[in-house]
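In: here are the coordinates; sequence isn't available:
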């Protein structure tokens, strides 16, 4: 597509429930990233996918968080047993690694509120 | 891992005044990127600097990369209300993973 698409744009969930957030990157972009941004804060790295390589999961805050990327395209971030501290905007980005020097294109994010 | 310190945290200027945000690292950076996030929006890529001492301009925005590749700055000349937002620097860690600075919030009073 023309840009990075994320869904849903907003999600309100009850504490303890599981949620799935979806990211559809720009066609042809081999790298896909998930970041989290709490209100008024910076961007916290969560996970990075590059082609068929094993993902870099070093930023996932707990084992309640997981992500997968199917067919090298769409990615799903899953949060199990959500907690109030999980409330944030979850941003997905993709990039083309041509020359390994390209900027990220971010989606509009999913605003997650855990009540 | 890589860390980048960004200052100031917040700046409120009168329209027409200049604005500068600074980014510093204790280690040499392979490159640095700058992003702008409008209020309620998502970060948008502005530019990437790669070479030591590099200076790039985009209209009223001037980006610099230090000679030692440990610091960078973004300078806006004669701010306008459309410049409002948060400006982030970001450094490339191993692989292609970016580590973002905390950002500088710019408010412009007209």
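Out: Sure thing, it's come through. Everything numeric in this text was worked out from a predicted model, so none of it was measured.

In: Not counting sequence-adjacent ones, nearest residue to residue B:70?
Out: Spatial nearest neighbour of residue B:70, excluding adjacent residues (Cβ to Cβ, 6 or more residues apart in numbering or on different chains): residue B:25 at 5.1 Å. Quick note: C-beta positions are derived from backbone N, CA and C, even for glycine.

In: ok, how many other residues are close to the one you found?
Out: Using other Cβ atoms under 10 Å in any protein chain shown, the number of residues around residue B:25 comes to 21.

In: hey, what's the residue in chain B that chain A sits nearest to bridged with?
Out: Relative to chain A, the nearest point of chain B is residue B:45 (3.3 Å; Cβ to the nearest Cβ). Taking DSSP bridges as the rule, residue B:45 bridges to residue B:35.

In: which residues sit in contact with it?
Out: Residues in contact with residue B:45, defined by Cβ atoms under 8 Å, 6 or more residues apart in numbering or on different chains, are A:103-105, B:33-35.

In: repeat that with 7 Å
Out: Counting by Cβ atoms under 7 Å, 6 or more residues apart in numbering or on different chains, residue B:45 touches A:103-105, B:33, B:35.

In: can you count the residues close to residue 59?
Out: In the absence of a named chain, this looks at chain A. A count of nearby residues for residue A:59, using other Cβ under 10 Å, gives 18.

In: hm, I was asking about chain B
Out: With other Cβ under 10 Å as criterion, residue B:59 counts 7.

In: can you check residue B:62 too?
Out: 16.

In: Repeat that for the one 4 residues further on.
Out: Neighbourhood size, residue B:66 [other Cβ under 10 Å]: 20.

In: re the thing from before, so which of the contacts of residue B:45 are in helices?
Out: Using DSSP state H, the subset of the contacts of residue B:45 located in helices is empty.

In: how about these, which pair is most distant?
Out: Taking Cβ to Cβ, the two most distant members of those are A:105 and B:33; they sit 12.1 Å apart.

In: which one of these two has more residues nearby?
Out: residue B:33 (24 against 20).

In: any idea of the pLDDT on the more buried one?
Out: We have a pLDDT of 95 for residue B:33.

In: Spatially, which residue comes closest to whichever residue of chain A sits closest to chain B, not counting chain neighbours?
Out: Nearest residue of chain A to chain B: residue A:103, at 3.3 Å (Cβ to the nearest Cβ). Ranked by Cβ to Cβ, 6+ apart and with sequence neighbours excluded, the top spatial neighbour of residue A:103 is residue B:45, at 3.3 Å.
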